[in-house]
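**Q** After the sequence you'll find the predicted model.
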Amino acid sequence: MAKKTYHCPICGKTVELKPGRPVPSCCGRPMEEMPLPACTKAPGAETARPGDADEPCDDGTSPKRKK
């Protein structure tokens with residue numbers, strides 16, 4: 001399982017913990033669990049292809065710069 005991230009609403013400190021660990025405290029209060037980021041992928045493979053090429057940023061096909 002992935003680590004959980006907790007956030008202090010008072011001072012802004014964040015902490016990552018392994019699952020099963022107790023909720024940490026900060027500034028005299030329990031920290032809040034940060035929600036997972038929203039999924040930005042389309043629901044199916046066929047609808048995702050036109051909008052998201054899912055390729056690396058630099059595909060290596062651009063010409064090299066001269067120094």
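**A** Everything's here; your move.

**Q** In contact with the closest residue to T5 other than its chain neighbours, which residues?
**A** In this structure, T5 finds its nearest non-sequential neighbour in M34, 4.5 Å apart by Cβ to Cβ, 6 or more residues apart in numbering. Yep, even glycine has a C-beta here, placed from its N, CA and C like the rest. Contacts for M34 (Cβ atoms under 8 Å, 6 or more residues apart in numbering) come out as T5, Y6, H7, T14.

**Q** Kindly reformat those as CSV containing pLDDT and distance to P22.
**A** Below are the contacts of M34 laid out as CSV (pLDDT from 0 to 100; distance: Cβ to Cβ, whole Å):
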residue, pLDDT, distance to P22
T5, 90, 15
Y6, 91, 10
H7, 90, 16
T14, 91, 17
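
**Q** Scan the residues you listed and report the most crowded one.
**A** Y6 (19 neighbours; other Cβ atoms under 10 Å).

**Q** Pull up the pairing partners for the helix or strand that contains that residue, direction included.
**A** Assigned by DSSP states H and E, Y6 belongs to strand 4-7. Using DSSP bridges, the strands paired with strand 4-7 in its sheet are strand 14-17 (antiparallel), strand 32-33 (antiparallel).

**Q** and S25, which of those strands is closest to it?
**A** strand 14-17 (10.1 Å; Cβ to Cβ).

**Q** mind putting the contacts of M34 in CSV, distance to C27 included?
**A** Formatted as CSV, these follow (distance: Cβ to Cβ, whole Å):
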residue, distance to C27
T5, 17
Y6, 12
H7, 12
T14, 13
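
**Q** give me the element P9 is part of.
**A** Per DSSP H and E, there is no helix or strand for P9.

**Q** Quick check: nearest residue in space to Y6, chain neighbours excluded?
**A** Nearest residue to Y6, sequence neighbours excluded (Cβ to Cβ, 6+ apart): M31, at 3.8 Å.

**Q** my bad, L17
**A** For L17, the spatially nearest residue (Cβ to Cβ, 6+ apart) is K4, at 5.7 Å.
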